[in-house]
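In: here is a sequence together with a model predicted from it:
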Amino acid sequence: MTREELFEKARLLPATPGVYIMKNKSGRIIYVGKSRKLKNRVTSYFTGQNHSLKTERMVSLVRDFDFILCDTEIEALTLENSLIKLHTPKYNIRLKDDKNYPYIRVTVNEPFPTVSMVRKRSADGAK
């Protein structure tokens with residue numbers, strides 16, 4: 001797809017939370033992003049806005065994109081993290097390693113609950 005065709009495809013996206021997946025000409029995923037309003041964010045890549053050199057280079061390689069709608073921005077954030085870890089896209093610098101977004105853990109099975117920051121979610125709040 002050309003940049004104009006990508007722009008038109010992006011204009012049809014809903015203004016809801018979701019994850020977008022940018023692909024190059026061979027169909028390889030080169031970038032994964034999330035947004036509160038997919039339409040606004042994805043459309044911005046294909047307009048004449050001033051982007052950083054890295055972003056401009058990435059956009060020049062995009063030939064198609066997919067998207068996944070989410071109910072909330074938090075759901076999109078979590079999905080983005082999972083997809084980056086799964087596909088390790090070239091243009092995603094953050095979250096490629098084994099780190100995750102920080103979470104707040106509140107213990108409930110103690111006389112005095114404690115609050116701490118953790119990087120891994122678990123059902124019992126451990127780790």
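Out: Now that the structure is in, tell me what you want to look at.
In: so for the longest helix along the chain, what gets flagged as buried?
Out: When the chain is scanned for its longest helix (criterion: DSSP state H), the result is helix 73-87. Across helix 73-87, burial judged by 16 or more other Cβ atoms under 10 Å covers 75, 76, 77, 78, 79, 80, 81, 83, 84, 85, 87. All C-beta atoms are positioned from the backbone trio N, CA, C, and that covers glycine.
In: report the contact partners of the fifth one.
Out: To tie it back to what came earlier, the one meant is residue 79. 19, 34, 68, 70 (Cβ atoms under 8 Å, 6 or more residues apart in numbering).
In: quick one on the thing from earlier: a markdown table please, covering the buried residues of helix 73-87 and showing pLDDT and distance to residue 27.
Out: Shown next, in a markdown table, are these (pLDDT from 0 to 100; distance: Cβ to Cβ, whole Å):
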| residue | pLDDT | distance to residue 27 |
| --- | --- | --- |
| 75 | 95 | 26 |
| 76 | 95 | 23 |
| 77 | 92 | 25 |
| 78 | 91 | 25 |
| 79 | 95 | 20 |
| 80 | 94 | 20 |
| 81 | 90 | 22 |
| 83 | 95 | 15 |
| 84 | 93 | 18 |
| 85 | 90 | 20 |
| 87 | 94 | 12 |
